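J.: Got a sequence here, can you model it:
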Amino acid sequence: MILYLVKKRPKEHVSILATCNASGDERLPLVFIHKYETPRALKGIEKRSLPVWYYWNSKAWMQRSIFKHYLERLNSKMLRENRHIILLIDNARCHESENINSLSNVKVHFLPPNTTSFLQPLDQGIIYSLKAQYRKLLCKNHIQAYDFYEDQTPPPVDIFDSINLIADAWKKVSKKTILNSWAKAGILP
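T.: Numbering: from 1, shown residues only. Okay, here's the model as predicted:
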């Protein structure tokens with residue numbers, strides 16, 4: 001009998017939070033949550049220079065402290081721009097924060113339990129489009145890498161590449177997709 005040992009490649013897991021308005025005119029930088037504060041690919045890179053809002057924790061999951069910081073950052077942006085907004089969000093426990101009612105320019109409105117899949121606009125096509133655009137850019141990146149390296153295997157995509165690809169993918173989600181997703185959710189007056 002012959003046994004084959006197959007070593008599985010570890011999967012990189014990240015969490016992403018996307019925020020956009022109903023008209024599709026404004027998208028905030030993606031919140032990108034990774035497992036490490038400073039992975040090898042980001043050594044020497046100032047996190048503020050990244051095209052995403054970078055956070056980390058051991059499981060690469062959204063957690064209350066990250067969401068709290070996100071809300072504070074969003075509120076500061078709206079305060080600087082003298083704007084007041086409503087943020088629609090699902091009722092996940094990680095979105096509970098003691099500062100929600102103290103925000104001056106952001107009013108958080110939680111969607112009812114068990115309605116996210118059909119009331120949340122991002123679940124109506126925006127996230128699907130973001131993932132599709134990311135995969136398309138990733139494939140294009142692989143093809144270009146193989147063309148460039150010809151006789152060698154190109155280096156794998158690292159977290160820095162992934163950050164830039166997902167940020168570019170977010171820009172490529174069409175305004176039409178955003179408008180259609182908000183319309184499909186049926187929550188606008």
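
J.: contacts, neighbours, all on C-alpha from now
T.: Will do.

J.: which parts of stretch 168-181 are buried?
T.: Residues of stretch 168-181 classed as buried by neighbour count (16 or more other C-alpha atoms under 10 Å): Asp168, Ala169, Trp170, Val173, Lys175, Thr177, Ile178, Leu179, Asn180, Ser181.

J.: what's the answer for stretch 40-56, then?
T.: Leu42, Pro51, Val52, Trp53, Tyr54, Tyr55, Trp56.

J.: from the residues you listed, which is closest to Thr153?
T.: Leu42 (22.2 Å; C-alpha to C-alpha).

J.: What's the per-residue pLDDT of the closest one here?
T.: Among the per-residue scores, Leu42 holds a pLDDT of 95.

J.: That one: what's it in contact with?
T.: Residues in contact with Leu42 (C-alpha atoms under 8 Å, 6 or more residues apart in numbering) are Ile159, Phe160.

J.: distance of it from Lys140?
T.: Separation of Leu42 from Lys140 (C-alpha to C-alpha, to the nearest Å): 22 Å.

J.: Over to Leu74?
T.: Using C-alpha to C-alpha, Leu74 is found at 33 Å from Lys140.

J.: Out of the buried residues of stretch 168-181, which sit inside helices?
T.: Using DSSP state H, Asp168, Ala169, Trp170, Lys175, Thr177, Ile178, Leu179, Asn180, Ser181 are the members of the buried residues of stretch 168-181 that sit in helices.

J.: Check those residues and tell me the two furthest apart.
T.: Most distant of these, by C-alpha to C-alpha, are Asp168 and Asn180, 20.7 Å apart.

J.: Give me the neighbour count for Glu26.
T.: 11 (other C-alpha atoms under 10 Å).

J.: Please report phi then psi for it.
T.: Torsion angles at Glu26 (phi, psi; degrees, to the nearest 10) stand at phi -140, psi 130.
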